[in-house]
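Undergrad: Take a look and give me a structure for this.
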Amino acid sequence: MRSTKFICMPAVGLTFVLLASPLAQATIVTFNNSAYANNSDIDTASGGYNYGSNLTLANDSPEFITSGATGATPNIGLTWFPQIANVLEFHAATTWTLNTGGSDRVLQFDLDGSAQPNSDIPPNPSILFSVTPGVAVRLLSVDMGQASDTTVSQMWTLNVRRESDNVIVFTTNSNVLAPNTQQTVQLAFTGDFGTNYFLDFDDLGVDSVRTAIDNLTFSQVAVPEPSSFGVLGLVVTGLFARRRRVTS
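TA: Numbers count the residues shown, from 1 in each chain. The predicted structure follows:
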């Protein structure tokens, strides 16, 4: 009687290869720099409307956290919109729970038009994340909060929009932010390699002045090296091809 027995390699190696992701690095932009006066525009900071771009370990500071387990995002550039005065403003007021004891800075969205010519309502804020070839952006989270010295409660819609065709590929909503409340809005979006995306903040027509953001957290992911695919191929080949025929 002849029987055939297949002895396969343990699946642990294959599982490891499949689950091992390319190196991911993360940056946290905190806006915390005492050099920025209250209501100073984001373009007054180093980098201007490219604030928080291409951060390396050398940029690690209370303003840009790139050290330890978080890493850095040297292949991601940021461009902030709208690029007009008195909309994206650093602020240290303690009226935000985002701001610990007034020693921190947040980025205020000033959208009520009171600081604009003819009281025109400015466009909603947006951030363009531009990547180099072979890199993908991973948007993780952002803290949003409503100041205590406002009577406005509002919800925000956050859209991720592909730059090349303006198609919205991801959307989520904040909670209804009452005065003196905050929320970490989880994004958990990973883009395609070599593709740029906007993160749009839509206030749904409320046009208020006392919402702020903090701890903008994002990371970069690199395309796996060709050698990684080679190892995966070898493991798969071994899994299905390695066998021993036992004849009895």
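
Undergrad: got a list of what residue 31 touches?
TA: Residues near residue 31 by C-beta atoms under 8 Å, 6 or more residues apart in numbering: 63, 90, 104-107, 214. C-betas here are computed from N, CA, C, even on glycine.

Undergrad: what number of residues lie near the residue nearest to it when sequence neighbours are not counted?
TA: The spatial neighbour of residue 31 that comes closest, neighbours along the chain excluded (C-beta to C-beta, 6 or more residues apart in numbering), is residue 105 at 4.4 Å. By other C-beta atoms under 10 Å, 28 other residues sit near residue 105.

Undergrad: same check, this time on residue 110
TA: Quick note: residue 110 (other C-beta under 10 Å) scores 23 neighbours.

Undergrad: How about the one 3 residues further on?
TA: Residues near residue 113, counting by other C-beta under 10 Å, number 16.

Undergrad: Provide a list of residues in contact with it.
TA: Residue 113 touches 119-122, 207, counting by C-beta under 8 Å, 6+ apart.

Undergrad: measure it to residue 84 for me?
TA: Residue 113 sits 11 Å away from residue 84, going by C-beta to C-beta, to the nearest Å.

Undergrad: Can you report phi and psi for the nearest residue to residue 111 once chain neighbours are set aside?
TA: Once flanking residues are discounted, residue 111 sits nearest to residue 207: 5.1 Å by C-beta to C-beta, 6+ apart. Note on residue 207: backbone dihedrals following degrees, to the nearest 10 are phi 60, psi 60.

Undergrad: One more: residue 57?
TA: Residue torsions, per degrees, to the nearest 10, at residue 57 are phi -60, psi -30.

Undergrad: now residue 42
TA: Torsion angles at residue 42 (phi, psi; degrees, to the nearest 10) stand at phi -60, psi -30.

Undergrad: which residues of the protein fall in helices?
TA: Along the chain, counting by DSSP state H, helices occupy 12-19, 226-241.

Undergrad: weakest of the ones you listed by average pLDDT?
TA: When these are ranked by mean pLDDT, helix 12-19 comes last with a mean of 32.

Undergrad: quick one: the residue nearest to residue 111 and residue 121 touch, right?
TA: Yes - here residue 207 lies in contact with residue 121, judged by C-beta atoms under 8 Å, at a distance of 5.2 Å.
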